[in-house]
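[1] predicted model follows, preceded by the sequence.
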Amino acid sequence: MSILNYFDHPIKKQNIDYFVHLVRIAKADDVISNHELELLHRIGKKLGFADPEINNLIESTGKSDFIPPYELSKRFDQVYEIVKMTLADGLVDNNEMHLARGFAIKSGFNENEIPNLLVLLIRGIKEGKDEEDLFELYKKEKKW
């Protein structure tokens, strides 16, 4: 367990806010599928949360004030995981894409580049590419 779990650390708050966005994406179609639930638990553990914390965050519906990470690579990874969550149940709902777009805006991506960013991520995830490969491709094509 990370020492951050014992304090109200800004990084832990950032991780909680980010995870709440993931939960909202999963709940956008009013159903959290088993694939979405598995992905939420995998990402939650990656963020340092225990199963009870993950379950509590999934059940909560409170609003959060999201503060994105400073590093572009971390913001890209989070948008990648958000898009991956929209694709987890095999169906892309308009509400899910609206939330993904909103998250990308809150993460500091330019509104003009977001449509291309989302297309890049959706195609890449469907093709089985990982976030590092897609981030490199994003940086090359960022001239949009």
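    Yep, that arrived.
[2] which helix runs longest in this protein?
    Among the segments of the chain that qualify as a helix by DSSP state H, the longest is helix 10-27.
[3] mean confidence for that one?
    Helix 10-27 carries an average pLDDT of 85.
[4] kindly report the same for stretch 120-134.
    Stretch 120-134 comes out at a mean pLDDT of 94.
[5] same question, stretch 75-85
    92.
[6] contacts made by that stretch with the rest, please.
    By C-beta atoms under 8 Å, 6 or more residues apart in numbering, the list of residues contacting stretch 75-85 from outside reads 18, 21-22, 25-26, 36, 39-40, 43, 68-69, 96, 99-100, 103-104, 107-109, 117-118, 121-122, 125, 131, 134-135, 138. Where C-beta positions appear, they are placed from N, C-alpha and C, glycine not excepted.
[7] tell me the centre residue of this structure?
    Among the residues of the chain, the one closest to the centroid is residue 82, at 3.0 Å (C-alpha atoms, centre = their mean).
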